[in-house]
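>>> I need the structure of the sequence given here:
(2 chains)
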Amino acid sequence: MEKEQEDQVRTAAKKWAKQRGSLVMALHEVQGALGFVPWDAARIIAEEMDVPLARIYEVVSFYSYFKLEKPGDVVISICDGTACHIKGSPGLIAAFEKDLSIACGTSTEDGMFHLQAVRCIGCCGLAPAVVVNGKTYGKVKPPECATIVKEWKAKMKDKMKDKVS
Amino acid sequence: MTMVTAKIDGVEVKVSEGTSILAACKSIQVNVPTLCWHPDLCATGACGICLVKVKGKAAMIRACCVPLEQGMEVTTRDPELVKARRTVVELILSKHPNECLTCSRNGSCELQSLAADFGIEHNPYPQVRFEYERDESTKAVVLDQAKCVMCGRCVDVCQNMQNVWALCFMKRSIHTQMSPPGGIKLEESPCIKCGQCSAHCPVGAIVEYDQTQEVLGQLVDPDLYCVVQIAPAVRVAIGEAFGNAPGNIDTGKLYAALRRLGFKGVFDTNFGADVTIMEEATEFVQRFRDGQGKLPLITSCCPAWVDFMEKYYPDMIGHFSTCKSPHAIVGTLAKTYWAQKNGIDPAKIRMVSIMPCTAKKYEIRRHEKDMYASGYQDVDISLTTRELARMIKQAGIAFNELPDETPDALLGEYTGAGTIFGRTGGVMEAALRTAHFMLTGENPGSADIKQTQGTKGIRSFELDVKGTKIRIGIAHGTGNVEALLKEVEQAAQKGEEPPYHFIEVMACMGGCAGGGGQPRGVTSSIRIDRGKGLNKDDKQSKTRFSHENEAVKKLYDEFLEHPCSQKAHELLHTSYSAKQTYKR
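As a prediction, this is how the structure comes out:
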């Protein structure tokens, strides 16, 4: 972990250290800053909050919201809530899995895409819905999945170009 | 005490308020089947087998964690209950590998017993399997997560009883895993190898690192000279594997069994314990009377405790006795003193120690120099009581029919002080007997120092040695250590007199009698019975003072000069260093 990130984690842990039952709050803050809760961050939280590391992992691995691995740059969240499920989200999951050649819940080797199924996102009128890095796609049909992937590949390419130049 | 009256299966019971339904049932000879429940631990109702019905309640309830209430009418047996309990067992079996015949718990598994009791001949549920890597990284305690039934005993033991926090439950639902945090190896975790998890596991998910075949191989190697030693607590527990009562003293049969297995030298760790006392009591007198070194002096015979202290209390290193543990001492002496006296090449000697302990497997390599003081690895292999019992059975030795034999000369003779090392408070009692002699020139009026005995997690008292007061603290179970050490730390911070002069710590409840390598099924009463066996062995000994051990006197006369001599320091002492709790 880089120094800047380490400081972020330490500040968050210190902030919640004195409040009983606030481990989840600290974890939220750390994931908010880093995008996931890496081993080194958990170690720092344990140290600063005087909570056994075993307890931290019990919590962080219990809630599927918390991520232990670095997620991809592009996070594809397929809503698998009741409405979306009935309207065909399993077909979308299968399509994305095929297009990206990865299993749902994992990331592509280059770390660009992360595929996940999530609970109801509150857009039942748009079912089946997909959210990619905050952008919502409604009434998605399986063949459109490939288009979404293409769109984001292009976006990421442009972003890289911007960075280089 | 408030009492509650209720009916169980129509029988009236009267128990004190707060008694669980399960315990109330036991009081009227009803053993409701259980799996996760253990008398040492807090009932959690994790497995859901101990179901009973209570009149007026719609759902079945778990008897282990619900207290009996006034006027309750409990039913413990009817076809519905049996069916529900059987379903729970079947569901557990559906996620458990069918490897009974190739599992070290075959024949001693609590799940296997339940399946047999419920007459389960086929499982209606599809088999679910998760692939987990077997974790042998500590070479002392082995985790086999695939066999875990999620009872939670090991996690409770590791976190609460031992305060080590090497194990936890990761993830949730069917994916729940008992493991060190973050998926690291046990060796990279704060694990102190005490093995209490393995002693409490109902199935084969946590077992000792088995080295019996390695030892068998050495025993038939014509180039090697195999010798062995047995720890104090082994003699009062190994009989359990052969149907004897806990606390039965089987020392003579053990010596005989070891000779039949092929060991050419049979020694007793109790001899080493007497040597430890000579060194440690001298160390105590040097610190207490002569002001050389820190007080309190803290005992260091327990390797799990040493590991715990190096990881969690490195600031206390200066308080630790530098004296090695008895088995390490016998190991060193076998390859130096004994080898020289018998004209045997120490390079050919293989020393095996039979210990009630899994941490001893770690201890024999814990220090790259001190554990090789003889010029060779002082103790080559350490086996647990459980492993030796298996070896004896494999060899077809009729243990209970063996004649009583005696150990081999030089490293076999022991006193009553040496044998009580195997119970909590025993090292302290033995050390105080000799310290009394060293301080006053005479033995205490009685060898018994009763205050050292007992089962309370922390015991403290003041001993009057001819007007000089020695303040003593005793703790067993690493979960009990913190309170004691905090007192010491706080007094030091305030610049006050230390609250204790001498502290004994044993990592396992009951001391080595309740060690992590002892026969399974341990309860408080079994630990007490084993301790009583050791006390009996003490009382029936020719002498009960380490400084009166003739073989020990001879050792100092012929080899070491005097306790804490330079040679004794080179061979029989060690050093400690701060260790990382996590290796990542």
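>>> burial of residue B:223, as a residue count?
Counted with other C-beta atoms under 10 Å in any protein chain shown, the neighbours of residue B:223 add up to 7. In this view, the C-beta of every residue, glycine as well, is placed from N, C-alpha and C.
>>> OK, contacts around it?
With contacts defined as C-beta atoms under 8 Å, 6 or more residues apart in numbering or on different chains, the neighbours of residue B:223 are residue B:348.
>>> let's verify it: helix, strand, or coil?
coil (DSSP: H, G, I helix; E, B strand; the rest coil).
>>> and for residue B:151?
Under three-state DSSP, the three-state class of residue B:151 is coil.
>>> and the pLDDT at the nearest residue to residue B:139 once chain neighbours are set aside?
Spatial nearest neighbour of residue B:139, chain neighbours left out: residue B:209 (5.2 Å); criterion: C-beta to C-beta, 6 or more residues apart in numbering or on different chains. Per-residue pLDDT puts residue B:209 at 98.
>>> ok, now how distant is residue B:209 from residue B:361?
Taking C-beta to C-beta, to the nearest Å as the measure, residue B:209 falls 6 Å from residue B:361.
>>> and stretch B:477-489, how far out from the chain's middle?
Distance of stretch B:477-489 from the chain centroid (C-alpha atoms, centre = their mean, to the nearest Å) equals 19 Å.
>>> quick one: mean pLDDT for that stretch?
Here the average pLDDT along stretch B:477-489 is 94.
>>> C-alpha coordinates for that stretch, CSV please?
The C-alpha coordinates for stretch B:477-489 follow below in CSV (Å, rounded to 0.1, in the frame of the first residue of the first chain):
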residue,chain,number,x,y,z
GLY,B,477,-5.1,-21.0,30.1
THR,B,478,-3.5,-18.1,28.2
GLY,B,479,-6.8,-16.3,28.4
ASN,B,480,-6.1,-15.9,32.1
VAL,B,481,-2.6,-14.4,31.8
GLU,B,482,-3.6,-10.9,30.8
ALA,B,483,-5.0,-9.9,34.2
LEU,B,484,-1.9,-11.2,36.0
LEU,B,485,0.6,-9.4,33.7
LYS,B,486,-1.4,-6.2,33.8
GLU,B,487,-1.0,-6.1,37.5
VAL,B,488,2.8,-6.5,37.1
GLU,B,489,2.9,-3.8,34.3
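>>> about what we covered before: the residue nearest to residue B:139 contacts residue B:143, doesn't it?
No - counting by C-beta atoms under 8 Å, residue B:209 stays clear of residue B:143, with 10.6 Å between them.
>>> ok, the two, which is more surrounded?
For the pair residue B:209 and residue B:143, the greater number of neighbours falls to residue B:143 (29 against 21), based on other C-beta under 10 Å.
>>> return the residues in contact with the more buried one.
B:134-135, B:178-179, B:186, B:205-206.
>>> any common contacting residues for residue B:209 and residue B:361?
With C-beta under 8 Å, 6+ apart as the test, residue B:209 and residue B:361 both reach B:139-140.
>>> how close does the spatially most central residue of chain A sit to residue A:118?
By C-alpha atoms, centre = their mean, chain A has its centre lying nearest to residue A:71, at 5.5 Å. Counting by C-beta to C-beta, the gap from residue A:71 to residue A:118 is 12 Å.
>>> again with residue B:280
Look at residue B:280 and residue A:118: by C-beta to C-beta, they are 62 Å apart.
>>> identify the residues contacting the residue lying closest to residue B:431 once chain neighbours are set aside.
Closest residue to residue B:431 apart from its sequence neighbours, by C-beta to C-beta, 6+ apart: residue B:281 at 5.1 Å. Contacts here follow C-beta under 8 Å, 6+ apart; on that basis residue B:281 touches B:431, B:434-435, B:438, B:546-547, B:563.
>>> what's the answer for residue B:437, then?
B:443-444, B:545, B:547.
>>> quick check: the farthest pair among the contacts of residue B:143?
B:134 and B:178 (13.2 Å; C-beta to C-beta).
>>> helix/strand/coil for residue B:5?
In three-state terms, and counting by three-state DSSP, residue B:5 is strand.
>>> next one: phi and psi at the residue nearest to residue B:139?
When read as degrees, to the nearest 10, the backbone of residue B:209 gives phi -80, psi 110.
>>> which residue packs closest to residue B:93, ignoring adjacent ones?
Closest residue in space to residue B:93, ignoring its immediate chain neighbours: residue B:123 at 5.3 Å, by C-beta to C-beta, 6+ apart.
>>> isn't the one you found up against residue B:94?
Yes - between residue B:123 and residue B:94 a contact is recorded at 5.8 Å, counting by C-beta under 8 Å.
>>> tally of neighbours for residue 23?
Using chain A. 21.
>>> switch to chain B, that's the one I care about
Neighbour count of residue B:23, defined by other C-beta under 10 Å: 18.
>>> ok, now how distant is it from chain A?
29 Å (C-beta to the nearest C-beta, to the nearest Å).
>>> need the next SSE after the helix or strand harbouring that residue, C-terminal direction.
Using DSSP states H and E, residue B:23 sits within helix B:21-27. Note on helix B:21-27: by DSSP H and E, the next helix or strand toward the C-terminus is strand B:51-54.
>>> ok, and what's touching that following strand?
Residues contacting strand B:51-54 (C-beta under 8 Å, 6+ apart): B:21, B:25, B:32, B:60-63, B:72-76, B:78, B:80-81, B:84-85, B:88.
>>> helices of the stretch 51-200 of chain B, residue ranges please.
B:79-94, B:110-117, B:153-156, B:196-200 (DSSP state H, counting those that start in this stretch).
>>> same question for chain A.
Using DSSP state H, the helices of chain A run over A:3-17, A:23-34, A:39-49, A:53-62, A:82-86, A:89-100, A:144-164.
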